[in-house]
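In: here you go, sequence then predicted model.
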Amino acid sequence: MQGFFASSTVQQEKPVGLVPRCGACGLLKGCQSPKMKPYGKGRQGVLVVGEAPGKTEDEEGRPFIGKAGEFLRDTLDDLGIDLDRDALTTNALICRPPGNKIQDPRQIDYCRPNLINTINEFKPRVIVTLGGSALHSVLAPYWKDDIGPLERWTGWTIPLEQHWVCPTYHPSYLLRMKNPLLDKLFKKHLERAFNIEDDTPARPDLSKEVEIIYDDREAAEAILEMGRAGGFVAVDYETNCLKPEWPRAQIYSCALSNKHQTISYPWVGSAIGATGGFLQSDRTRKIASNIKMEERWTLKNFGWGVTNWNWDTMLAAHCLDNREGITSIKFQAFVKLGIPTYNANIEPYLFSSKNSPYNRIQEIEMKDLLLYGGVDAFAEREVAILQMKEMGL
């Protein structure tokens, strides 16, 4: 995979290795069916990824034929889907771990090249991940933060490069829980995954979406034009601390995004006054992720608040789905737009230390900061529009 910003350090996705580290893993030495091959005809273009072969699978040499596999097959049968005919099946680990327990999480990383090679060869339209290990293996090249609880991922339809990723529960977990509600959700997730009609997700080309403007007069002109155009506009500040009340609190950059353009510029000169006028205009309907932050910083810098706030992606995300850990713009941009983590390299500079309320934003190269802020604004607007459609607005 190539990074979105070829000349920037904001997001440089490392090439994904295609050679498995079987020597470091060592599981192949202790199982009957080492390096288990994918199985199935995959007529619907769906790849189902589980955790690892169990005892029955290891004895028979193919995935999903034990109790968990039977549960999966029965659920799909109710939907008119034959697992072996309609899908290709594999696992995050293709060798059985002792006692069906993954003792070392690094084994998933060692085995990931096998999964990536399967994806590259099969070119699935949809990838269904069963459980946390499968999800981690599929998402790790794109989502740099901790995957966290599986619960916050289940049910999403993620537009990831050339395929959709549909996370759900592992059948063995459902067998242990014996929860009819979880079983219904599992069935619903599978039904949605096998009925996705779009062949290829449309992921935005961020390198073409964000326009960086260093000159304050040029930025002011672009801001005025955006104000005249009206419509929905996302607003995003990048600051040296969370609270504008601190003595050295300072805005370093601002980004605005409407239907036609995303601009990101340093907080200097005539760009500041133009932004103030834009924020007072009632021609535009403002969007942000966590409105109160931009509102407080606007009050601090201009003495008045933003006119015509219209949408908060964080609040909307909570209204649409009240699970924990899903409301940030980074998460929403990933699950709804397929935008991978774009703040990994600069994130350490954006957090305050224990001894100071200020972060280290001044150490970030301006081009990187402006790209980051621009992507934030672009994602906020795009996510907001999708949220409005989900709410029927």
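Out: Received the coordinates, thanks. Numbering: from 1, shown residues only.

In: just the mean pLDDT for whichever helix or strand V233 is part of, thanks.
Out: In this assignment (DSSP states H and E), V233 forms part of strand 231-239. Strand 231-239 carries an average pLDDT of 98.

In: now the following helix or strand past that strand against strand 231-239, angle please.
Out: Following strand 231-239 in sequence order, the next helix or strand is strand 251-257 (DSSP H and E). Orientation note: strand 251-257 sits at an angle of 160 degrees relative to strand 231-239 (axes from the mean of the first three to the mean of the last three Cα atoms, to 10 degrees).

In: residue closest to the middle of this structure?
Out: With distances taken as Cα atoms, centre = their mean, F334 lies nearest the centre of the chain, 2.3 Å away.

In: quick one: the strands in the stretch 101-250 of the chain?
Out: 126-130, 158-160, 163-168, 210-212, 231-239 (DSSP state E, counting those that start in this stretch).

In: relative to E121, how far out is the residue nearest to the residue nearest to the centre of the chain when sequence neighbours are not counted?
Out: Once flanking residues are discounted, F334 sits nearest to W143: 6.3 Å by Cβ to Cβ, 6 or more residues apart in numbering. Where C-beta positions appear, they are placed from N, C-alpha and C, glycine not excepted. The spacing between W143 and E121, counted by Cβ to Cβ, to the nearest Å, is 23 Å.

In: those two: which is more packed in?
Out: W143 (22 against 10; other Cβ atoms under 10 Å).

In: and A222, how far from R228?
Out: Plainly put, A222 is 11 Å away from R228 if you go by Cβ to Cβ.

In: same question for D74.
Out: 60 Å.

In: re the thing from before, could you list the buried residues of the strand holding V233?
Out: Of the residues in strand 231-239, F232, V233, A234, V235, D236, Y237, E238, T239 count as buried by neighbour count, 16 or more other Cβ atoms under 10 Å.

In: from what I can see the third one touches R381, true?
Out: Yes. In this structure, A234 is within contact of R381 by Cβ atoms under 8 Å, at 3.9 Å.

In: what sits in contact with each of these two?
Out: Each of S257, N258, I287 lies in contact with both A234 and R381 under the rule Cβ atoms under 8 Å, 6 or more residues apart in numbering.

In: related to what we said a few turns ago, make TSV out of the strands of the stretch 101-250 of the chain and add distance to G325.
Out: Putting the strands of the stretch 101-250 of the chain into TSV (distance: least, Cβ to Cβ, whole Å) gives the following:
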stretch	distance to G325
strand 126-130	17
strand 158-160	15
strand 163-168	13
strand 210-212	27
strand 231-239	21
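
In: number of nearby residues for K354?
Out: Neighbour number of K354 under other Cβ under 10 Å is 4.

In: what's the angle between the longest helix seen in the chain and strand 251-257?
Out: Selection of the longest helix in the chain by residue count, based on DSSP state H, yields helix 366-390. If you take the same axes, to 10 degrees, helix 366-390 sits at 40 degrees to strand 251-257.

In: contact partners for W304?
Out: Q280, T298.

In: distance check, it against Q280.
Out: 7 Å.

In: contact partners for K292?
Out: Contact partners of K292, counting by Cβ under 8 Å, 6+ apart, are absent.

In: if I look at it, how far off is G305?
Out: With Cβ to Cβ as the criterion, K292 and G305 are 10 Å apart.

In: could you do D77 as well?
Out: 58 Å.

In: pick out whichever of those two has more residues nearby.
Out: Taking other Cβ under 10 Å, D77 and G305 do not tie; G305 has more neighbours (14 against 11).

In: in a strand, that one, correct?
Out: No. G305 sits outside any strand when classified using DSSP: H, G, I helix; E, B strand; the rest coil, being coil.

In: what sits against it?
Out: Contact analysis of G305 by Cβ under 8 Å, 6+ apart lists E295, T298, L299.

In: repeat that for K35.
Out: C22, L28, I94, C95, N114.

In: regarding it, what is its secondary structure?
Out: At K35, secondary structure determined by three-state DSSP is coil.

In: what's the separation between it and Q103?
Out: 19 Å.
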